[in-house]
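Visitor: Provide a 3D model corresponding to the input given below.
(2 chains)
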Amino acid sequence: MATVELTFSALPAHVRTARLVATAIARRTGVEESLLDEVRLAVGEACSRAVEAHRLHCPGEPIRIELCDDSGRFEVIVTDAAPSDELERQERTTPSLEDFLGKVPDTLMSGFGIAVIAGLADDVEVFPSQKGMRIRMSWPATPNGLSPV
Amino acid sequence: MDLKLDHHSEDRLTIVEVEGEIDVYTAPRLRELLIDLVNKGNFHLLVNMEKVDFLDSTGLGVLVGGLKRVRAHDGSLELVCTQERILKIFRITGLTKVFGIYASVEEAKEAHGRDK
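Guide: I've put the predicted structure just below:
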């Protein structure tokens, strides 16, 4: 069962709000302090990617985040509504160092976001589809959390 | 925290002071500053990230973009950073091999002086 659900319009300014909410709930759920930076960065990456995708494909649609504390883990699911075929192709190809300095535009570091998330969360699943992408990631948390959210 | 940017020049080196969060919202301001500096002939940049609280892949993209621009003029873009949480994202993405990363502005200046 989702503990907190948040939807926001595809504006870069809202990504920070999403990061702050996720970090606050992770802390209260009992995620170790040493992991909170990883939660903050991974959630920020997932939301940034979703915002960029929505701005390209469906700027009027909201992005959704679910923050859950089931079974001793803190789980975050970021769902967007942008068709992800093209993005998926880009993101499955990890950019090389040559790409960084060559053809990859600096406004959209294709593949960076999910590569960073994969490096941060020990449990990540990415579900791309024509209806949008769903990124689920989780971290260990104290059973029952520190206090009720 | 929002992003604060400042810069000054010492000899041929332009030191960019960055404070706050570099993310999808604030990174365009850093990009504009780096482009402006390069357009004005500043091709050796040192970005001091010691007061950066947060850096995501958008921010990395801006730094890589800056590096591409200065390299087109045989310049350099190097970083000052000792914060583990910021260094981690450079390591995850392999960008520690792309940027010169120093522990202090003084150390970077010394290295830059040796390379002249």
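
Visitor: Any idea what B:Asn48 is bridged to?
Guide: B:Glu17, B:Val80 (DSSP bridges).

Visitor: Briefly note if the longest helix seen in chain A comes near chain B.
Guide: In terms of residue count, the longest helix belonging to chain A (DSSP state H) is helix A:33-57. Yes: counting by C-beta under 8 Å from any C-beta of the partner chain, contacts between helix A:33-57 and chain B involve A:37, A:40-41, A:44-45, A:48, A:51-52. From N, CA and C alone the C-beta is placed, and that goes for glycine too.

Visitor: so A:Gly119 sits right up against B:Ile92, yeah?
Guide: Yes: using C-beta atoms under 8 Å, A:Gly119 is in contact with B:Ile92, at 3.6 Å.

Visitor: for stretch B:66-86, which positions count as buried?
Guide: Neighbour counts over stretch B:66-86 (16 or more other C-beta atoms under 10 Å in any protein chain shown) mark B:66-70, B:75-81, B:86 as buried.

Visitor: My error: substitute stretch A:24-42 in the last question.
Guide: Here stretch A:24-42 shows A:25-31, A:35-42 as buried, counting by 16+ other C-beta under 10 Å.

Visitor: sec struct for whichever residue of chain B sits closest to chain A, please.
Guide: In chain B, no residue comes nearer to chain A than B:Gly65, which is 2.5 Å away by C-beta to the nearest C-beta. Three-state assignment for B:Gly65 (DSSP: H, G, I helix; E, B strand; the rest coil): helix.

Visitor: Tell me how many other residues surround it.
Guide: For B:Gly65, the tally of surrounding residues (other C-beta atoms under 10 Å in any protein chain shown) stands at 22.

Visitor: And A:Cys68, by the same measure?
Guide: Neighbourhood size, A:Cys68 [other C-beta under 10 Å]: 19.

Visitor: ranges for the helices of chain B?
Guide: Using DSSP H, the helices assigned to chain B run over residues B:27-39, B:57-71, B:84-93, B:105-115.

Visitor: do you know which of those helices lies nearest A:Thr7?
Guide: helix B:57-71 (21.5 Å; C-beta to C-beta).

Visitor: residues in contact with B:Pro28?
Guide: B:Val62 (C-beta atoms under 8 Å, 6 or more residues apart in numbering or on different chains).

Visitor: so how far is B:Val80 from it?
Guide: Between B:Pro28 and B:Val80 the computed distance is 22 Å (C-beta to C-beta, to the nearest Å).

Visitor: Ok, B:Leu3 next?
Guide: 17 Å.

Visitor: How about A:Met137?
Guide: For A:Met137, the distance to B:Val80 - C-beta to C-beta - is 31 Å.

Visitor: rewinding a little: quick check: the farthest pair among the buried residues of stretch B:66-86?
Guide: With C-beta to C-beta as the measure, no two of the buried residues of stretch B:66-86 lie farther apart than B:Gly75 and B:Ile86, at 22.9 Å.

Visitor: out of the buried residues of stretch A:24-42, which one sits closest to B:Leu37?
Guide: For the buried residues of stretch A:24-42, the nearest to B:Leu37 is A:Leu41 (27.2 Å; C-beta to C-beta).

Visitor: Need the nearest residue in space to that closest one, chain neighbours excluded.
Guide: Excluding the flanking residues, the one nearest A:Leu41 by C-beta to C-beta, 6 or more residues apart in numbering or on different chains is A:Leu120, at 5.8 Å.

Visitor: what about that neighbour, neighbour count?
Guide: 22.

Visitor: you'd agree it is up against B:Arg91?
Guide: No: in this structure A:Leu120 lies outside contact range of B:Arg91 using C-beta under 8 Å: 11.3 Å.

Visitor: Spatially, what comes nearest to A:Asp37 if we skip its sequence neighbours?
Guide: The shortest distance from A:Asp37 to any non-neighbouring residue, by C-beta to C-beta, 6+ apart, is to B:Arg85 (4.6 Å).

Visitor: Check A:Thr23 too.
Guide: Nearest residue to A:Thr23 in three dimensions, chain neighbours excluded: A:Arg40, at 4.7 Å (C-beta to C-beta, 6+ apart).
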